[in-house]
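Trainee: Model the following, please.
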Amino acid sequence: YLLDVSHMRKDQMPRLIEGSDAAGQLRPELAVRWGLKDTVTIAGGAGDNAAAACGIGAMNEGQGFISLGTSGVLMAARDGCNPAPETAVHTFCHAVPDRWYQMGVMLSATDSLNWLGRVTGRSPSALTGALGATLAPPSKVRFLPYLSGERTPHNDVHIRGSLTGLDVNTGPKEMAAAVIEGVSFGLRDSLEALKATDAKLDRIVAIGGGTASQYWVELLATVLGLPIGLPSGGEFGAALGAARLGQVASGGACVEDVMTAPEIRQTIVPNLAMRDQYDDAYAAFKAAYPAMKSIQ
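Mentor: Down below sits the predicted model:
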C-alpha cells in the first residue's frame, strides 16, 4: 500500500538486514583516502536510541535507560512486540535480532534549560549549580515543558509550554528548579505510559548532558521512583552502540559478548523523604495539561 501511494516499486527498495549484520563493504578508494585498512565492513546500523541501547547494554526485559539530551527519552528493552499506540509510546524492532524496545519521548528536555539560559543570560550549568547539592521540596512555580509541542503521552504538536505560579520573589533559581521539575514530570509521564504496556523497569542507566547535574539525577530518581546508575567514565551512548554494531557485523564477536552493560560508578536512589511531595506535585502537573490546552 505504501509503495502504491508513493508511486514506487518493490525492486526500488533496499534489502532489509539486521542492524548488527553486514550491509556491505566500504569502497577501497574511500578507505585509503580516510586512512583505513582496505576492508571495512558497513553494519546495518541503528537509529540514535537503539544505538544508545546497544551502548549501555539494554537488550532484555527489565533493562533500560534515560537520556537527558536536547530531547528526553525513557527507553525499555522488550522481549516481544507490545504496541500501545493509545499511550503514544514508540515501539520498534531493536538493532539486534529477536529483540524489541519501547520508549517514551519528550521534545524539550535539556532544551528547556537551554531556553531558560537564553532568557536569563545564564549557562545551564550555572542554573542547575545554583540549586545546590540537597534536593529541595517541589517548586511553587510550575513549568510545562511543551516548548515545541509534545510526544509521549499527548502526541500534541499544538500545545505550548507555560510558567505559572510566579510572584515578585521568583528569580532564575526558582525558575530553574521549576524547569527541571517540569522536564522530570514529563519523563514520569513516559514511565506511566510504559507501565501501561507492562514494561518492567527496576532500575535505569542515565546518559546525556543533563546527567552532569547530580541534583537533577536525584530529582529524576525521586520522581520516577527508580534507582539511576551513572556509568564510569567514557561515552556509553549511541556512538559506542554504533561501534559495537560494527564489531558484530564484521564477524569479530557476538551480540551477547559485545552488548554489555557499563560499570556503574554511582547509583542515585530516590529520596524517600521527598517522594510523597513529588508525587503530589506530579499529580498537579498532570492536571495542568488539559487546563492549559483549554485556553491555548
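Trainee: which stretches of this protein form helices?
Mentor: For the chain, the helices defined by DSSP state H occupy 2-5, 28-33, 48-56, 110-120, 124-129, 172-195, 214-224, 238-249, 255-258, 272-293.
Trainee: Near the closest residue to residue 238 other than its chain neighbours, how many other residues are there?
Mentor: With CB to CB, 6 or more residues apart in numbering as the criterion, residue 238 has its nearest non-adjacent residue at 4.0 Å, and that residue is residue 51. All C-beta spots, glycine's among them, are computed from the backbone N, C-alpha and C. Residues within reach of residue 51, counting by other CB atoms under 10 Å, total 21.
Trainee: try residue 103
Mentor: Neighbours of residue 103 under the rule other CB under 10 Å: 27.
Trainee: thinking again about what came up before, make a markdown table out of the helices of the chain and add mean pLDDT and distance to residue 74.
Mentor: Below are the helices of the chain laid out as a markdown table (pLDDT from 0 to 100; distance: least, CB to CB, whole Å):
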| stretch | mean pLDDT | distance to residue 74 |
| --- | --- | --- |
| helix 2-5 | 92 | 29 |
| helix 28-33 | 91 | 38 |
| helix 48-56 | 94 | 10 |
| helix 110-120 | 97 | 14 |
| helix 124-129 | 96 | 20 |
| helix 172-195 | 97 | 4 |
| helix 214-224 | 97 | 8 |
| helix 238-249 | 94 | 16 |
| helix 255-258 | 93 | 23 |
| helix 272-293 | 97 | 14 |
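Trainee: and those helices, which is most packed in?
Mentor: Ranked by mean neighbour count under mean count of other CB atoms under 10 Å, the helices of the chain are led by helix 48-56, which reaches a mean of 26.
Trainee: coming back round to it: go ahead and confirm the residue nearest to residue 238 touches residue 43.
Mentor: No - with contact defined as CB atoms under 8 Å, residue 51 does not reach residue 43; the gap is 10.2 Å.
Trainee: residues touching residue 239, list them.
Mentor: By CB atoms under 8 Å, 6 or more residues apart in numbering, the residues touching residue 239 are 51, 55.
Trainee: contacting residues around stretch 124-132?
Mentor: With CB under 8 Å, 6+ apart as the criterion, stretch 124-132 contacts 110, 113-114, 116-117, 120, 172-173, 176-177, 179-180, 212-213, 215-216.
Trainee: same thing but at 10 Å, please
Mentor: Contact partners of stretch 124-132, identified using CB atoms under 10 Å, 6 or more residues apart in numbering, comprise 110-118, 120, 122-123, 171-177, 179-180, 209-210, 212-216, 219.
Trainee: quick one: the residue lying closest to residue 149 once chain neighbours are set aside from residue 17, how far?
Mentor: On the basis of CB to CB, 6+ apart, the spatially nearest residue to residue 149 that is not a chain neighbour turns out to be residue 157, at 4.2 Å. Separation of residue 157 from residue 17 (CB to CB, to the nearest Å): 33 Å.
Trainee: Kindly report the same for residue 144.
Mentor: Distance, residue 144 to residue 17, using CB to CB: 42 Å.
Trainee: The two - which one has more neighbours?
Mentor: residue 144 (23 against 14).
Trainee: returning to what we had before: so what's in contact with residue 51 and residue 43 at the same time?
Mentor: By CB under 10 Å, 6+ apart, residue 51 and residue 43 have these common neighbours: 19, 95, 242, 243, 244, 245.
Trainee: quick one: contacts for the first one?
Mentor: Read it as residue 19. By CB under 10 Å, 6+ apart, residue 19 lies in contact with 43-47, 50-51, 54, 93-97, 241-242, 245, 248-249.
Trainee: Please apply the same query to the fourth one.
Mentor: The neighbourhood of residue 243, defined by CB under 10 Å, 6+ apart, consists of 43, 51, 54, 55, 235, 258.
Trainee: distance of the nearest residue to the third one once chain neighbours are set aside from residue 203?
Mentor: Spatial nearest neighbour of residue 54, chain neighbours left out: residue 241 (3.3 Å); criterion: CB to CB, 6+ apart. Between residue 241 and residue 203 the distance is 19 Å, computed by CB to CB.
Trainee: How about residue 173?
Mentor: Taking CB to CB, one finds residue 173 at 30 Å from residue 203.
Trainee: Check residue 122 too.
Mentor: To residue 203, residue 122 is 33 Å away according to CB to CB.
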